[in-house]
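Chemist: Curious how this folds, go ahead:
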Amino acid sequence: MPRSRDRDDKRGLRPRTDRKRKAESSPTAKAHKSKKAEPEEEVDLDFTTREVRPYERPSTRGLVITELANVPSDWNWTDYDIPEDDIEANIQRCKDRIEDGIMPQWWQNKLVYLEEDRAAIQRMIASEPEGLDLAVVARLKTLEFIQKSLVKKGDEYNQMKNVKAIMKHYREQSSTGFTWNYGKVTYWADGAPISEVPEVFDWKRFRKLSDIYLDECRSAKNPNPQTGIWVEGGQNPGPHMSMVVWPVPRYIGIPSPGFGRAQKYNLSLRIPGSARQMEWTFTDDTGCSKTLIYKDDLERLLQISNGRRPLFLDESVYITANGNITTPTVELECCLTSGTTEFTPWVATEISIANYRRPAGVPRLAGPFIREMVYTATAPDGLSRLYIAKNKTVLTRAPFPSVDLDQATVPVQTVPVPGDAPGAQWRNLMRVINTIPPPPPM
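Modeler: Residues are numbered from 1 along each chain as shown. Next comes the predicted model:
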């Protein structure tokens, strides 16, 4: 029988059972008006679409203009009317622009790298069996990257069998029928599927299958195996995003007191079933697809959790501002906290584990947690504050400011000062920049 996952605390806080929340409807905001204008009115701000000016080819086609000062006053240099992802449409637009002769050098340069991208895509498709959907091809390339990474860094959670088997099933689609199903997952263990059809991810089902598999792996010599099932599928066949990267050495800033404009707050994490938790400071990284902690963070959680281990979900690939990486993703429970005060329920959360220990001063990344769990707001008051509330009525009460946008400015970010005692962030900064000039030669 699967081992019990009854919680050893008595608070009765139950994890949320859905892996992803449905997107909220488009926000409604107040349109800015000048002081003497009519009263403000509500405007629907739908950021998924925008009115764009379509490109109209000029009647002076063939007359080459290469100096910006000489272009017609009504010339439209934007290509917002075609999707950025439509590579064929963008290539054709470049050719049209070059033929039209107004600043053709701009589009000649763009055409070069677009055609290189198209050739790379064609090579990628040609490298896989004919007839595979592009999403499947993208997933196969992501899995290939994971495979190479596991060889290089080690297969800590014993997942190589699953990676190879999933790739084989995708490539033998004509016989297996296995494909990428947006929004649905399959579960894998020991190189074989353990769920019959793609299904919507459910935390309870994931835990049940994980417990059954871990019980099969458990032995007298290995009572707590470091392995798990693999969850294949979801929303994105390609890599995730983590666009804020803090290479070592690097520093982070807090709005007040301190320096910079990075937002920070505390999150507490615990292994499901454990009453013991760790509270850490996280940077509000809206460009990160999942919450990220470090190898030594997970080790500390293991130390305080009476031998409990988090359940493995998958190995994730991230495109970061510092290159591509892979990280294992596990299930932990997360809560927005300040000391003993809990601002949110404890909820099951996908947590990625960086494959190295956290250097002093390098932040943990909060990812989407805050915006999935509470109401948030910012104001153009130059203070770079992030306001957080449990309901939208409270969110905009005092001290939330009312600011005339005509008076809004972007404050200058100055070089931080170390304060009374230079901390880790300052030391990291000083390894990157030296604000003190060297002494003159003797």
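Chemist: Helices along the stretch 151-300 of the chain, start to end?
Modeler: 160-171, 173-176, 203-217, 295-303 (DSSP state H, counting those that start in this stretch).
Chemist: so what secondary structure elements neighbour the following helix or strand past the last one?
Modeler: What that stands for is helix 295-303. For helix 295-303, the succeeding helix or strand toward the C-terminus, using DSSP states H and E, is strand 312-320. For strand 312-320, the packing partners by 3 or more Cβ pairs under 8 Å, 6 or more residues apart in numbering; DSSP states H and E come out as helix 134-153, strand 230-234, strand 240-242, strand 323-338, strand 347-354. The way it works is simple: take the backbone N, C-alpha and C, and place the C-beta from them, glycine included.
Chemist: can you put these in a markdown table and add mean neighbour count, distance to residue 103 and mean pLDDT?
Modeler: Listed next are the helices and strands packed on strand 312-320 as a markdown table, based on neighbours: other Cβ atoms under 10 Å; distance: least, Cβ to Cβ, whole Å; pLDDT from 0 to 100:
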| stretch | mean neighbour count | distance to residue 103 | mean pLDDT |
| --- | --- | --- | --- |
| helix 134-153 | 17 | 33 | 89 |
| strand 230-234 | 23 | 42 | 90 |
| strand 240-242 | 20 | 32 | 52 |
| strand 323-338 | 20 | 33 | 89 |
| strand 347-354 | 23 | 44 | 94 |
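Chemist: Relative to residue 187, which of those is closest?
Modeler: For those, proximity to residue 187 was assessed by Cβ to Cβ; strand 230-234 is nearest, at 6.2 Å.
Chemist: mean confidence score for stretch 400-415?
Modeler: On average, the pLDDT along stretch 400-415 is 70.
Chemist: just stretch 174-183 next, same as before
Modeler: Across stretch 174-183, the average pLDDT comes to 89.
Chemist: Buried residues in it, which are they?
Modeler: Of the residues in stretch 174-183, 178, 180-181 count as buried by neighbour count, 16 or more other Cβ atoms under 10 Å.
Chemist: just stretch 300-307 next, same as before
Modeler: 301-302, 305.
Chemist: Name the nearest of the residues you listed relative to residue 318.
Modeler: residue 301 (21.3 Å).
Chemist: what sits against the closest residue to residue 199 other than its chain neighbours?
Modeler: With Cβ to Cβ, 6 or more residues apart in numbering as the criterion, residue 199 has its nearest non-adjacent residue at 5.8 Å, and that residue is residue 184. Counting by Cβ atoms under 8 Å, 6 or more residues apart in numbering, residue 184 touches 198-201, 233.
Chemist: rerun at 6 Å
Modeler: 198-200, 233 (Cβ atoms under 6 Å, 6 or more residues apart in numbering).
Chemist: which of those residues tops the neighbour count?
Modeler: residue 233 (22 neighbours; other Cβ atoms under 10 Å).
Chemist: mind listing what the closest residue to that one other than its chain neighbours touches?
Modeler: Nearest residue to residue 233, sequence neighbours excluded (Cβ to Cβ, 6+ apart): residue 185, at 3.6 Å. Residue 185 makes contact with 201, 231, 233, according to Cβ under 6 Å, 6+ apart.
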